[in-house]
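Colleague: 3D, please:
(chains A and B)
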Amino acid sequence: QKEVEQDPGPLSVPEGAIVSLNCTYSNSAFQYFMWYRQYSRKGPELLMYTYSSGNKEDGRFTAQVDKSSKYISLFIRDSQPSDSATYLCAMSGSAGTASKLTFGTGTRLQVTL
Amino acid sequence: DSGVTQTPKHLITATGQRVTLRCSPRSGDLSVYWYQQSLDQGLQFLIQYYNGEERAKGNILERFSAQQFPDLHSELNLSSLELGDSALYFCASSVSYNADTQYFGPGTRLTVL
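Modeller: Modelled structure (predicted):
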């Protein structure tokens, strides 16, 4: 079983829809949670960074972490065709041992006109 | 543009050969991370260097090695190449030795024929 599970999709939504992307994990030592966006043939781009449980909002993006359920989410409001990309969740352990990021396999999102 | 640069963008070589991939981190970042991304394995952490010293190792093969130079740029050396080594290789950098916020370069696409 992988440490981080993520539905590969593809997920297809119409423009303007609210998108929900999710990851589950098994390692309770994870403390830092990130979402990256990766366009085809490009490097991953850091979107959101959250420490421990809670919500964080940045423009149209909201990240949620529920450590009790080992579940993290990324919500995209008013989705745009330019949001079409692969979204990768990533997480790492506590400070001092946090050198390694563990990634999900990514969810491919397609926002259609 | 993340500020992380990688060269070359593309590399085509034959089995058994050796190649060197180069990475320059963002200005001020002391940590460099190397990742391999393939279709079936997703993004896999290989190795981290912090201020010239190896900090953490992931799923890096013995045929692969890396180093970080005094000017903080890093090189990943891949030897005795096999068909299965064909992948995207990404470099990322961060300010500290913790892996929480990493910024990725555009990647090097390696094709082994």
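Colleague: looking at it, A:Lys56 is touching A:Ala63, isn't it?
Modeller: Yes. Using CB atoms under 8 Å, A:Lys56 is in contact with A:Ala63, at 4.8 Å. In this view, the C-beta of every residue, glycine as well, is placed from N, C-alpha and C.
Colleague: so how far is the first residue of stretch B:103-113 from its last?
Modeller: Terminal residues of stretch B:103-113 lie 30 Å apart, using CA to CA, to the nearest Å.
Colleague: same check, this time on stretch B:86-106
Modeller: End-to-end for stretch B:86-106, by CA to CA: 16 Å.
Colleague: and it with chain A, contact?
Modeller: Yes. Applying CB under 8 Å from any CB of the partner chain, one finds stretch B:86-106 in contact with chain A at B:90, B:97-106.
Colleague: Give me the buried entries from those residues.
Modeller: With neighbours counted by 16 or more other CB atoms under 10 Å in any protein chain shown, the residues of stretch B:86-106 next to chain A contain buried members at B:90, B:97-100, B:102-106.
Colleague: thinking again about what came up before, shared neighbours of A:Lys56 and A:Ala63, which are they?
Modeller: A:48, A:50 (CB atoms under 8 Å, 6 or more residues apart in numbering or on different chains).
Colleague: of those two, who's got more company?
Modeller: A:Ala63 (22 against 15; other CB atoms under 10 Å in any protein chain shown).
Colleague: Just to be sure, the more buried one is in a strand?
Modeller: Yes. Under DSSP: H, G, I helix; E, B strand; the rest coil, A:Ala63 sits within a strand.
Colleague: Beta-bridge partners for it, please?
Modeller: A:Lys56, A:Leu74 (DSSP bridges).
Colleague: Surely it touches A:Ser73?
Modeller: Yes. With contact defined as CB under 8 Å, A:Ala63 reaches A:Ser73; the gap is 7.1 Å.
Colleague: okay, and the common contacts of these two?
Modeller: Common neighbours of A:Ala63 and A:Ser73 (CB under 8 Å, 6+ apart) do not exist.
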